[in-house]
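[1] what would the 3D arrangement of this be:
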Amino acid sequence: MLMSDSMPLLWLVYVVLSLVVLLTGYLGLGFLPRLPRLVITWAVAGVMWTPSHFRLPLLEEGEFYSGFAPAVMVAAVAFLENNRETFLPVALLVVIGAGVGALLGLLLWWRGRHRRTHGQEDDVDMDDEASAASGRRDSGERHEPVIG
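    Purely as a prediction, here's the structure:
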């Protein structure tokens with residue numbers, strides 16, 4: 001059951017909170033154009049969602065606890081413990097996750113731009129027929145209404 005096992009519940013809470021952070025971050029970057037907004041948001045998503053394996057020593061000699069956690073958290077703990085053996089590979093994993101996320105954001109921007117240009121071409125073709133019928137060409141500029 002989900003409530004009796006703490007690890008799935010912990011991951012569920014982490015996923016929900018990370019989605020809230022990503023949504024508010026995306027909306028908070030609304031002053032930026034769409035390209036940097038998507039790249040930054042997906043780079044942060046790549047950092048937050050990259051998993052990593054970790055291993056911690058227990059109080060009993062020779063026993064360890066191991067599991068999966070977000071790579072950024074494993075890197076933060078390794079940095080605070082000054083554990084370079086763990087920090088370097090996990091930090092590289094975090095950088096790779098950010099790079100993959102940024103590429104995914106770039107791909108989403110390109111796909112949205114590409115789809116929008118095809119949609120606009122179809123709309124322009126339909127508008128050209130209507131414009132030709134009315135005797136004026138629609139250049140995409142704003143036209144103020146004229147009374148009379």
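
[2] the closest residue to Leu93 other than its chain neighbours: what's it in contact with?
    Residue nearest to Leu93 in three dimensions, not counting chain neighbours: Ala71, with 4.7 Å by Cβ to Cβ, 6 or more residues apart in numbering. Placement of C-beta: from N, CA and C, glycine included. By Cβ atoms under 8 Å, 6 or more residues apart in numbering, the contact set of Ala71 is Val47, Thr50, Pro51, Ser52, Val90, Leu93, Val94, Gly97.

[3] so which of the residues you listed are in strands?
    Within these, residues falling in strands by DSSP state E are Pro51, Ser52.

[4] for burial, what's the neighbour tally of Arg55?
    Counted with other Cβ atoms under 10 Å, residues neighbouring Arg55 total 10.

[5] make sure it is indeed in a helix.
    No: assigned with DSSP: H, G, I helix; E, B strand; the rest coil, Arg55 falls outside any helix and is strand.

[6] which residues touch it?
    Phe64, Tyr65, Ser66.

[7] would you list those in a markdown table and tack on distance to Gly30 and secondary structure?
    Below are the contacts of Arg55 laid out as a markdown table (distance: Cβ to Cβ, whole Å; DSSP: H, G, I helix; E, B strand; the rest coil):
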| residue | distance to Gly30 | secondary structure |
| --- | --- | --- |
| Phe64 | 46 | strand |
| Tyr65 | 42 | strand |
| Ser66 | 42 | strand |
